[in-house]
Structure formats: structure tokens, C-alpha cells
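In: structure of the sequence below:
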Amino acid sequence: MAESKLISVDFEVFGIVQGVFFRKYTQDQGLKLGVVGWCRNTYHGTVAGQIEGPSHKVQQMKDWLRTTGSPSSRIDKAEFKNEKEIKEYTFKSFSIKH
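Out: The predicted model follows:
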């Protein structure tokens, strides 16, 4: 089976995503899927970050960010930008930045 290419994508999730453990659930989901990257709260009430991994795993993470999130969150929309193929991982794990 051909190994899927590694990709990197930036994300930002809008809605009720702060104060509802969104970052913790995002980190847990990233670790569960085996993608790496980071997420953090922004000053304008969103959660932003970056995901790196095999393209099919990144797609699963994007779907999760778009539709699931944490149990108490309400996702209005998720934006994904700067998707590109990468040669190697930049991050070792999935972390929460403060």
C-alpha cells in the first residue's frame, strides 16, 4: 500500500470554542488520530492551530474540527488555510499553546 503524503494545514474554529475544553479535546483527538501540531485560544474568541500528518488523517481531523469539537462547544465554522505537502514533521506531538 502506498504511504499517503504528509501534509500541513492551518486551522481556525469559530463559535463557542473557548471555556468549553475545546483545546483539550482537540489535543486528545490529534493524539488519537496520530497527527501532530498545536492549538491555542486567540484574542478574538476562536481556537487556531496547525495540523501535520498523512493526508487521510489530516482530513479526519479537519472533519472533527468542522463538526464535532468538545461536548459543550458550538462550532459555527472552521477555516483551513495554507494546506501544503511537507517532507517531514515539524512537531513531535500535539500540544496546547498558551
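In: just the strands in the chain please.
Out: Secondary structure of the chain by DSSP state E: the strands cover 6-16, 36-41, 47-54, 74-85, 94-96.
In: and the ones you listed as CSV, adding mean neighbour count and distance to D28?
Out: For every residue, glycine as well, the C-beta is placed using N, CA and C. Below are the strands of the chain laid out as CSV (neighbours: other Cβ atoms under 10 Å; distance: least, Cβ to Cβ, whole Å):
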stretch, mean neighbour count, distance to D28
strand 6-16, 19, 15
strand 36-41, 20, 11
strand 47-54, 22, 14
strand 74-85, 12, 16
strand 94-96, 19, 8
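In: Throw these into a markdown table and include distance to F22, thanks.
Out: Formatted as a markdown table, these follow (distance: least, Cβ to Cβ, whole Å):
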| stretch | distance to F22 |
| --- | --- |
| strand 6-16 | 7 |
| strand 36-41 | 8 |
| strand 47-54 | 5 |
| strand 74-85 | 9 |
| strand 94-96 | 10 |
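In: any regions of this structure where pLDDT drops low?
Out: The chain contains residues with pLDDT under 70 at 1-3.
In: next, name the residue at the spatial heart of it.
Out: Centrality entry for the chain: nearest residue to the mean C-alpha point is I51, 5.0 Å, by Cα atoms, centre = their mean.
In: now do stretch 42-57: distance from first to last residue.
Out: 25 Å (Cα to Cα, to the nearest Å).
In: let me redo that: stretch 17-36
Out: Length of stretch 17-36, first residue to last, Cα to Cα: 20 Å.
In: thinking again about what came up before, show me what contacts the closest residue to the residue nearest to the centre of the chain other than its chain neighbours?
Out: Distances taken as Cβ to Cβ, 6 or more residues apart in numbering put G37 closest to I51, at 4.4 Å, once the chain neighbours are dropped. Neighbouring residues of G37 by Cβ atoms under 8 Å, 6 or more residues apart in numbering: 8, 30, 49-53, 91, 94-95.
In: go again using 10 Å as the cut-off
Out: Listed by Cβ atoms under 10 Å, 6 or more residues apart in numbering, the contact partners of G37 are 8-11, 26-27, 30, 49-53, 58, 61, 89-91, 93-95.
In: OK, contacts around N82?
Out: 8-11, 50.
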